[in-house]
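> sequence plus the predicted model coming up.
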Amino acid sequence: MKLAILAVGHKPPAWVAAGCAEYLKRMPRELPVSVVEVKPETRGAKTREQLLAAEKTRLLSALQGYRRTVVLDERGVELTTRALAARLEDWMRLGGDIAFVIGSADGIDEAVKRQADEVIRLSSLTLPHALTRLLLCEQLYRALSVVRRHPYHRED
């Protein structure tokens, strides 16, 4: 089983890439996580709908071969770390590769959200997309540490 973070956007700042790399290298060989950059549409004089439609095509192409799709969206279900860990444990039991989708600054086309198996959010706060990548990498590692009863996650 593999996990992938499909992120619409350009190369993140070095500190984000370094942070993601740190958490990704901590993941075990049997549950690798990769970050895949999906090219954003050039803005120009295009409407938001045109931008999202072009990005939708790229996302749907990048999503081929994944058994499960989880979209990150500000209106998604907010999970606790323990709830994410429970989902991860279920997904591991079911098998199959999973893609987590982070849209562009304009969001994600509604068709991609409708096709997703789940729509979640990391926070009620508005987060920059680069920071969302880093937070998701850390939370996937944290969720796995809960599943494996590793002391990384501490809870009162």
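Cool, the structure landed.

> packing partners of the helix or strand harbouring K25?
Taking DSSP states H and E as the definition, K25 sits inside helix 14-26. The contact analysis (3 or more Cβ pairs under 8 Å, 6 or more residues apart in numbering; DSSP states H and E) places helix 14-26 against strand 33-38, helix 129-147. Yep, even glycine has a C-beta here, placed from its N, CA and C like the rest.

> most tightly packed of those?
A comparison of the helices and strands packed on helix 14-26 by mean neighbour count, using mean count of other Cβ atoms under 10 Å, puts helix 129-147 on top with a mean of 20.

> by how many degrees do that helix and strand 33-38 diverge?
Counting by axes from the mean of the first three to the mean of the last three Cα atoms, to 10 degrees, helix 129-147 lies at 160 degrees to strand 33-38.

> include distance to A99 and mean pLDDT when you put the helices and strands packed on helix 14-26 into a markdown table, please.
Converted to a markdown table, the helices and strands packed on helix 14-26 look like this (distance: least, Cβ to Cβ, whole Å; pLDDT from 0 to 100):
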| stretch | distance to A99 | mean pLDDT |
| --- | --- | --- |
| strand 33-38 | 8 | 95 |
| helix 129-147 | 12 | 95 |
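
> a markdown table for the ones you listed, including distance to K11?
Below are the helices and strands packed on helix 14-26 laid out as a markdown table (distance: least, Cβ to Cβ, whole Å):
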| stretch | distance to K11 |
| --- | --- |
| strand 33-38 | 7 |
| helix 129-147 | 9 |
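
> any residues touching stretch 97-114, and which ones?
1-9, 40-41, 48, 51-53, 55-56, 59-60, 62-63, 65-73, 91, 116, 119, 129, 132-133, 136, 140 (Cβ atoms under 8 Å, 6 or more residues apart in numbering).

> fine by me, thanks again.
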